[in-house]
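> 3D model of this:
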Amino acid sequence: MSHKTLSPRPSQLDQAAFVEQFGDIYEHSPWVAELAWQRGLGPEQDTPDGLATAMGRVLSEADPERQLEVIRAHPDLAGKAAVAGELTDDSTREQAGAGLDQCTPEEMARFERLNAAYKERFGFPFVMAVKGSDRHVILAAFEERLKNDPAEERRTAIAQINRIAAFRLEDRAA
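Sure thing, here's the model as predicted:
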């Protein structure tokens, strides 16, 4: 639980400045920041945990179609975008931090197979907050989550996206 304060303080920003500062926390989905600001921000949202809770609530309460848009905005783990260097700066750092840039050719082939099977089953990419994990843990989670039913997996993906957002906010306060 972080007691650090974000700078600038979210509660002191107008909507445009808030979205400029925090609109990229959720991958290509600035509407999450817009709605969080519109719901009202107080001093309790000036910490990474407080803002992560407020923004996470927006996503968790969004209708399933909007949630799917956010999930689909995420890149495949160790996918073509990563190989081509086309990820956002945050995604690049997160995937490299988990060692996904060091996969063996066999591991890359396994990621490609699992990404394809997962997308085929659920219609969206596998999303996982990879900070603190390694490629072996991620591959095991992939195998396990392929067994979920679609509604359960959508909820799991949203929970993982909210964890990613919390890690990103914590990094910004560091």
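> The nearest residue to Ile158 once chain neighbours are set aside: how many residues sit nearby?
Of all residues not flanking Ile158 in the chain, Gln67 sits nearest, at 5.5 Å (CB to CB, 6 or more residues apart in numbering). Every residue, glycine included, has its C-beta placed from N, CA and C. Here the count is done by other CB atoms under 10 Å, and Gln67 has 19 residues near it.
> Next one: Glu44 from Thr156, what distance?
With the distance defined as CB to CB, to the nearest Å, Glu44 ends up 27 Å from Thr156.
> again, but for Leu169
From Leu169 over to Thr156 (counting by CB to CB), the distance is 21 Å.
> For those two, indicate the residue with more neighbours.
Just comparing Leu169 and Thr156: by other CB under 10 Å the higher neighbour count belongs to Leu169, 23 against 16.
> which SS state does that one fall under?
For Leu169, the secondary-structure state derived from DSSP: H, G, I helix; E, B strand; the rest coil is helix.
> Just give the nearest non-adjacent residue to it, would you?
Nearest non-adjacent residue to Leu169, counting by CB to CB, 6+ apart: Pro48, 3.9 Å away.
> show me what contacts Leu68?
The neighbours of Leu68, taking CB atoms under 8 Å, 6 or more residues apart in numbering as the test, are Gly123, Phe124, Arg154.
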